[in-house]
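**Student:** Got a sequence here, can you build the structure:
(chains A and B)
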2 protein chains.
Amino acid sequence: MNKDLKTQIIALVTPDLAQVEKALEENLAPNLDLVKQIASHLLFSGGKRLRPLLLIHAARMCKYQGADEIVFSTIFEFLHAATLLHDDVVDGADMRRGRPAAHTRWPAPQVVLTGDFLLARALDIAAKTKDPRVIAVIAQITQAMSQGEIDQLAQKGRKDVTEEQYLEIIARKTAVLIQGACQCGAILANVSGQKEQALQSFGFHLGMAFQMADDLLDYTATAEQLGKHPGADMREGKLTLPVIYSLARACPEDRAWMENMISYPDVDVDRFQKLQKKLVALKGISYTRAKACDHVAKAKKNLEIFDDSVSKSVLTLIADYAIHRKV
Amino acid sequence: MNKDLKTQIIALVTPDLAQVEKALEENLAPNLDLVKQIASHLLFSGGKRLRPLLLIHAARMCKYQGADEIVFSTIFEFLHAATLLHDDVVDGADMRRGRPAAHTRWPAPQVVLTGDFLLARALDIAAKTKDPRVIAVIAQITQAMSQGEIDQLAQKGRKDVTEEQYLEIIARKTAVLIQGACQCGAILANVSGQKEQALQSFGFHLGMAFQMADDLLDYTATAEQLGKHPGADMREGKLTLPVIYSLARACPEDRAWMENMISYPDVDVDRFQKLQKKLVALKGISYTRAKACDHVAKAKKNLEIFDDSVSKSVLTLIADYAIHRKV
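**Tutor:** Residues are numbered from 1 along each chain as shown, chains lettered A, B, ... in the order given. Below is the predicted model of the structure:
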């Protein structure tokens, strides 16, 4: 199933992807070699280019008549890369996309500043849209994301995070950016408020589903699939929905065992497998999967008002792929 | 002289300053208490509000007819605060504006993210101008500043920084932001390209003069005046013009002594006073002061094409104050 979805998507977007790669390289154009090295380390390490693809196909589904959707789509990859660089420094994560995180290869200050530079590149390209609505969306995104990260930091290590708090964190951490990419596609195409709203909602639910799927994979995928050891969230002290749901429903003994595991995380394979089994038994896994599926259904519902087109198919396939992917 | 200048400026801008403070507080409005604490620690610690004042009076000198110059002026204070937060983390500086730097009171990750948040606030307010030119200026500023900081980091500890390299660093670190504030005043007032250009040039030269004066004060002011120990640049491994010029003209013995002092900096008062005397004797101090005065003269020359007004007086006084201030 997921292989098929991926193959179908790739078949439809291969020419776009090639153009996005070219535009990213051209628009990186920094004056300093070091910035280029650090930025490239992350930017050209096999990202899915999900956000650019969403903007491109949202714009085309809205019958965008211009010729700049590729260039403008890079705004969201640069924004994404900027936040990843800052988040990796902030979280102290070691791996990203199967490679050592940038801050393990370069000093953290340079990585922070390269993040700033990428944000500036995003802004510079956004200014070229000459559309203040695009800028307003980007301002809202950066604001929500930085607040979300600070919020998540403040909750780090806490074992009483509620589902509601989790939803707010992932909305700000992931969904607003994906929502913004979809919304800006609509803005560029200058469609009605109703259609802009629909794409905004599509993006939000897609983003929620993507993050929930990510959080699931951290407990269900293998190290090879993830490009890093599973259980990374737990080791970083981040509680995600599979654990939050399971903890709330565990008997006192299970709860004590899980809290201990979370407080003193290790990569002991046996203990981690025991945790995985508990998350299955306590339905944390199935509950999270069901919630992600709900979001995908809601996302797709928003596409109903649009005429059929290749781009609508791409968006639909991406929504399905969100929860069926293995990486 | 400098007391008089300051008194004159304050007399002219007191009502503006009160409004700027109010607008800064209102526009900070973050959802999270921690962000507010960290941001406020820096924002409300006695900054001069130089950049807001420049935008306000540039706009008024250009006969801006709107009512939003105060609100829009906060863009540049938020931008400035954002870069200060990141720079302090990057440089590891202990003091800022006579208080412990934010990252000595809060963990560096939170400070980085608060910087991101303030940048987002700046953007959000900039989007409200609905003028893509304002956004383009801000994008250019953030790009130049992040590259400038990375460049400066790369040169840290080097003892062969040339005057040319120094000029490029301070242009990107300081002048572009002040230039941007002045230019955006012109853009908001929708004046001719010639006048926008003149204000851009005014801001650039003013910014260069301000930074050179700052770099001078680091070797000539007292700890009480600076709010931190003088010689901070040297201790952070940053060569500034007074030292660069003196090093280039020192005899081999003096050069060796100075290089040793720079390589193993300390706060031994006697040794530091000996360095100060050398910078005077080798004319590093007077040369830097002369260069700063040149920039002030060039800045003021750009104001000639504007009709006389209170705001033109404010800008002129600020230009003079740049090199006569003691803090």
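
**Student:** which residue packs closest to the residue most central in space within chain A, ignoring adjacent ones?
**Tutor:** With the centre of chain A defined as its mean C-alpha position, the nearest residue by C-alpha atoms, centre = their mean is A:T174, 4.8 Å away. Distances taken as C-beta to C-beta, 6 or more residues apart in numbering or on different chains place A:Q211 nearest to A:T174, at 4.0 Å, with adjacent residues excluded. For glycine as for every other residue, the C-beta is placed from the backbone atoms N, C-alpha and C.

**Student:** A:G157 - how many residues pack around it?
**Tutor:** Neighbour count of A:G157, defined by other C-beta atoms under 10 Å in any protein chain shown: 12.

**Student:** SS state for it?
**Tutor:** Secondary structure, DSSP: H, G, I helix; E, B strand; the rest coil: A:G157 is coil.

**Student:** what residues are up against it?
**Tutor:** A:G237 (C-beta atoms under 8 Å, 6 or more residues apart in numbering or on different chains).

**Student:** Isn't the residue nearest to the centre of chain A up against A:G207?
**Tutor:** Yes. Between A:T174 and A:G207 a contact is recorded at 5.0 Å, counting by C-beta atoms under 8 Å.

**Student:** coming back round to it: mind checking pLDDT for the residue nearest to the centre of chain A?
**Tutor:** pLDDT recorded at A:T174 is 93.

**Student:** how close does it sit to chain B?
**Tutor:** 16 Å (C-beta to the nearest C-beta, to the nearest Å).

**Student:** Following element in sequence after the helix or strand of chain A with the lowest mean pLDDT, please.
**Tutor:** The helix or strand of chain A with the poorest confidence is strand A:95-96; it has a mean of 66 (mean pLDDT, DSSP states H and E). Of the helices and strands lying after strand A:95-96 in sequence (DSSP states H and E), the nearest is strand A:99-100.

**Student:** List the buried residues in the helix or strand following that next one.
**Tutor:** Heading C-terminal from strand A:99-100, the first helix or strand you meet, by DSSP H and E, is helix A:102-105. For helix A:102-105, burial by neighbour count (16 or more other C-beta atoms under 10 Å in any protein chain shown) applies to A:102-103.

**Student:** Let's test this: mean pLDDT of helix A:102-105, rounded?
**Tutor:** According to the model, helix A:102-105 has a mean pLDDT of 76.

**Student:** is any part of that helix close to chain B?
**Tutor:** No. Legend: contact between helix A:102-105 and chain B by C-beta under 8 Å from any C-beta of the partner chain is lacking; minimum distance shown is 11.2 Å.

**Student:** Show me what that helix packs onto, helices and strands only.
**Tutor:** Applying 3 or more C-beta pairs under 8 Å, 6 or more residues apart in numbering or on different chains; DSSP states H and E, one finds that helix A:102-105 contacts helix A:33-43, helix A:69-91, helix A:108-128.

**Student:** Could you save these as a markdown table and add columns showing mean pLDDT and distance to chain B?
**Tutor:** Shown next, in a markdown table, are the helices and strands packed on helix A:102-105 (pLDDT from 0 to 100; distance: least, C-beta to the nearest C-beta, whole Å):
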| stretch | mean pLDDT | distance to chain B |
| --- | --- | --- |
| helix A:33-43 | 80 | 6 |
| helix A:69-91 | 90 | 4 |
| helix A:108-128 | 89 | 4 |
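
**Student:** Redo the ones you listed as TSV? Include distance to B:I125.
**Tutor:** Shown next, in TSV, are the helices and strands packed on helix A:102-105 (distance: least, C-beta to C-beta, whole Å):
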stretch	distance to B:I125
helix A:33-43	27
helix A:69-91	19
helix A:108-128	14
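
**Student:** Who are the contact partners of A:A108?
**Tutor:** A:89, B:108.

**Student:** Now A:D160. Its backbone dihedrals?
**Tutor:** phi -120, psi 30 (degrees, to the nearest 10).

**Student:** neighbours of it, just the number please.
**Tutor:** As a burial measure, A:D160 scores 11 neighbours (other C-beta under 10 Å).
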